[in-house]
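Engineer: quick one, what's the 3D model for this:
(chains A and B)
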Amino acid sequence: MGFEHDAIRLFAGAFAVLVVASLAGAVLQRRTGGGDGSATVANLVARINAWWVMIGVLALAFLAGEIGVLVVFAFASFMALREFMTVTPTRRSDHIALFASFFVILPAQYYLIATSWYGLYSIFIPVYAFLSLPVLAALRGDVSRYMERVAEVQWGLMTTVYCLSHVPALATLDIPGYQGRELLLVAFLIIVVQGSDVLQYVWGKLLGRHKVAPRLSPSKTWEGFVGGVASATALGAAIAWITPFSLLQAAGIALVIAICGFFGGLVMSAIKRDRGVKDWGQMIEGHGGMLDRTDSLVFAAPIFFHMTRYWFTV
Amino acid sequence: MRNVAIHATRLALMGLARLVTGVSPRWQGCGPSGEQRIYFANHASHGDFVLIRTVLPPKLRAATRPVAGADYWRRGAMRRFVGNDVFNAVLIERSETTAARDVLAPIKTVLGEGASLIIFPEGTRNQTDAPLLPFKSGIYHIARAFPSIPLVPVWIENIGRVMPKGELLPVPLLCSVTFGAPTRLQDGERRPAFLKRCEAALMATAPGAEAGHGV
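Structural biologist: Numbers count the residues shown, from 1 in each chain, chains lettered A, B, ... in the order given. Next comes the predicted model:
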């Protein structure tokens, strides 16, 4: 099957799920009608509406091809980095390092991916950015909390730019017999990881009793985790036909990235609690900020990239 | 022609402020209202009153005028244009020698006309690590002359990090503008106590203040 054909089927499926979700939301809204649980339902409906926009944007990006997906994730990185640095207590002497992070390192990372230069984009941030940013900060001569400030800026870049850029980097992989369809790996990753988030939410709301880390996140429960990851694994197996993986391989990979996604949400929640904020931002109605929506992808993307690259490329 | 330039500059500056800072309002202690008010805010950047104006509902913007230092905003044609024409600022002389009543005369005229004001009681941009500089007594004199007008604390978060004094390039951190609970000068309240109370009211408006987090 061709790429277009598969992509159309995937997005048609996604929009069909959204239609069902929106109908269910409308029914729930009528039933609760301002009474008990209406706030939860209002939030659910806001989340579903935001999904219409997000899947719409992804559909347009896929229509534009690899460059479209690259631009969408460069924008997502920019917004996520912005949210991260907003709550990071940097000092005036970090100004140049911050400016460089937004307007030099981020564009350079995505440019390197656009040119498929794996040898450089895989080390550009961990080696070159991580060595030069502390220099920029040191040149300003401000030693107050120096180590802490440098580390925080680096961790922000690592998660929001380096890790997230591995989503569009999937399109640069050279997999025998899979040429021209690489973007479907992006679709697989997003469907499994974001699907896992949604399914964890659903399972958690239905059966959630035992909290995983009550101090970090009131909404993460063991029931939600097990149910969500198990159903995301099944979901991955169900869409094995868009990947170069066998049914079992797709299920195994889906299991790993769903667990990574869960850990991503947990770690980013810990950072939010440390900073005393509930959400990273408010750009996505019902979800919070860009980083609230992409925290699971941040952890899953590089692992998925390396599993695929190690086992499936020549 | 001049009007077009004024409107275009105003829209451009507000658009730029929105683009760079993604500024969002948080009406915490009061809602937007057409009543006459004196907004008092922390001051870290020249962008401060642009941000406040940007988050005010459009119909309140024209009737809400910032108070700014004449020594800065009268120097040069560009500053005069932006301060006077674009943002309709009320300019006051900040010199130590002038008597308080003369300094505040333009403010009293404007308040007498029924306009709302944005004032920065710290008197100058805060470049220190402290969240707030001690308030100058101007806010006390204004409150005594117009005791019935509510004073609304406004905390502007992050703008000082977006473009610190002396830096040429902005960093696009997210800013927010929080409106706190209105306050007034109480009967018989002395100046030092009133200033302390206003400082505390503004600090309490800062995001995270309720949770006990530093800013």
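
Engineer: how much space between A:Ile175 and A:Val150?
Structural biologist: Applying CB to CB, to the nearest Å, the value for A:Ile175 to A:Val150 is 38 Å. (Glycine included, C-beta is placed from N, CA and C.)

Engineer: so which residues on chain B come close to chain A?
Structural biologist: Counting by CB under 8 Å from any CB of the partner chain, chain B comes close to chain A at B:22, B:24, B:158, B:161, B:164, B:167, B:169, B:171-174, B:208, B:211, B:213-214.

Engineer: ChimeraX command for the buried members of those?
Structural biologist: Buried residues within the residues of chain B next to chain A, by 16 or more other CB atoms under 10 Å in any protein chain shown, are selected in ChimeraX with:
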select /B:22,24,158,161,164,171,172,173,174
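
Engineer: what count of nearby residues applies to B:Arg197?
Structural biologist: Neighbours of B:Arg197 under the rule other CB atoms under 10 Å in any protein chain shown: 15.

Engineer: what helix or strand is it on?
Structural biologist: In this assignment (DSSP states H and E), B:Arg197 forms part of helix B:191-205.

Engineer: so which of the residues of chain B next to chain A belong to strands?
Structural biologist: Among the residues of chain B next to chain A, the ones falling in strands (DSSP state E) are B:Ser24.

Engineer: can you pick out the most distant pair from the residues of chain B next to chain A?
Structural biologist: Using CB to CB, these span at most 32.3 Å, a distance reached by B:Leu169 and B:Ala211.

Engineer: I'd like the next helix or strand past the worst-scoring helix or strand of chain B on mean pLDDT.
Structural biologist: None of the helices or strands of chain B scores lower by mean pLDDT, DSSP states H and E than helix B:100-103, at a mean of 71. Downstream of helix B:100-103, the first helix or strand assigned by DSSP H and E is helix B:105-112.

Engineer: buried ones in that next one?
Structural biologist: Buried-residue list, helix B:105-112, by 16+ other CB under 10 Å: B:Ile107, B:Val110, B:Leu111.

Engineer: may I see those organised as CSV, with pLDDT added?
Structural biologist: Output for the buried residues of helix B:105-112, formatted as CSV (pLDDT from 0 to 100):
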residue, pLDDT
B:Ile107, 93
B:Val110, 94
B:Leu111, 95
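
Engineer: read off the pLDDT value for the residue of the stretch 151-300 of chain A found nearest chain B.
Structural biologist: For the stretch 151-300 of chain A and chain B, the shortest gap (CB to the nearest CB) falls at A:Gly276, measuring 3.9 Å. We have a pLDDT of 87 for A:Gly276.

Engineer: pLDDT below threshold where in the chain?
Structural biologist: Picking chain A for this. Chain A contains residues with pLDDT under 70 at A:1, A:34.

Engineer: chain B, not that one
Structural biologist: Filtered on pLDDT under 70, chain B yields the residue ranges B:95-101, B:209-215.

Engineer: where along it do the helices fall?
Structural biologist: With DSSP state H as the criterion, chain B has helices at B:2-21, B:48-55, B:58-61, B:70-73, B:77-80, B:100-103, B:105-112, B:138-145, B:159-162, B:191-205.

Engineer: the residue nearest to B:Thr54 when sequence neighbours are not counted: what's it in contact with?
Structural biologist: With CB to CB, 6 or more residues apart in numbering or on different chains as the criterion, B:Thr54 has its nearest non-adjacent residue at 4.7 Å, and that residue is B:Met14. Contact analysis of B:Met14 by CB atoms under 8 Å, 6 or more residues apart in numbering or on different chains lists B:Val50, B:Arg53, B:Thr54.

Engineer: from memory the second one sits against B:Val86, does it?
Structural biologist: What that stands for is B:Arg53. No: contact criterion CB atoms under 8 Å: B:Arg53 and B:Val86 do not qualify, at 10.0 Å.

Engineer: keeping just the C-alphas, turn stretch B:132-142 into PDB.
Structural biologist: Provided in PDB are the C-alpha atoms of stretch B:132-142 (Å, rounded to 0.1, in the frame of the first residue of the first chain):
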ATOM      1  CA  LEU B 132       9.800  44.800  44.900                       C
ATOM      2  CA  LEU B 133      11.500  48.100  45.800                       C
ATOM      3  CA  PRO B 134      10.100  50.200  48.700                       C
ATOM      4  CA  PHE B 135       7.200  52.300  47.500                       C
ATOM      5  CA  LYS B 136       7.700  56.100  47.100                       C
ATOM      6  CA  SER B 137       5.100  58.200  48.900                       C
ATOM      7  CA  GLY B 138       3.300  59.300  45.700                       C
ATOM      8  CA  ILE B 139       0.600  56.600  45.900                       C
ATOM      9  CA  TYR B 140      -0.200  57.800  49.500                       C
ATOM     10  CA  HIS B 141      -0.700  61.400  48.300                       C
ATOM     11  CA  ILE B 142      -2.900  60.300  45.400                       C
END
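
Engineer: that one: how far from the chain's middle?
Structural biologist: Distance of stretch B:132-142 from the chain centroid (CA atoms, centre = their mean, to the nearest Å) equals 12 Å.

Engineer: kindly report the same for stretch A:48-64.
Structural biologist: 14 Å.

Engineer: cool, and stretch A:222-233?
Structural biologist: Chain-centre distance of stretch A:222-233: 18 Å, with CA atoms, centre = their mean.

Engineer: in that stretch, which residues are buried?
Structural biologist: Within stretch A:222-233, the residues that qualify as buried are A:Glu223, A:Gly224, A:Phe225, A:Gly227, A:Gly228, A:Val229, A:Ser231, A:Ala232, A:Thr233, counting by 16+ other CB under 10 Å.

Engineer: hang on, the earlier thing: compare B:Arg53 and B:Val86 (neighbour count), which wins?
Structural biologist: Neighbours per residue (other CB under 10 Å) separate B:Arg53 from B:Val86, with B:Arg53 holding more: 24 against 21.

Engineer: can you name the residues of the stretch 51-200 of chain A that neighbour chain B?
Structural biologist: Checking the stretch 51-200 of chain A against chain B by CB under 8 Å from any CB, the hits are A:Arg82, A:Glu83, A:Met85, A:Thr86, A:Pro89, A:Thr90, A:Arg92, A:His95, A:Leu98, A:Phe99, A:Phe102, A:Phe103.
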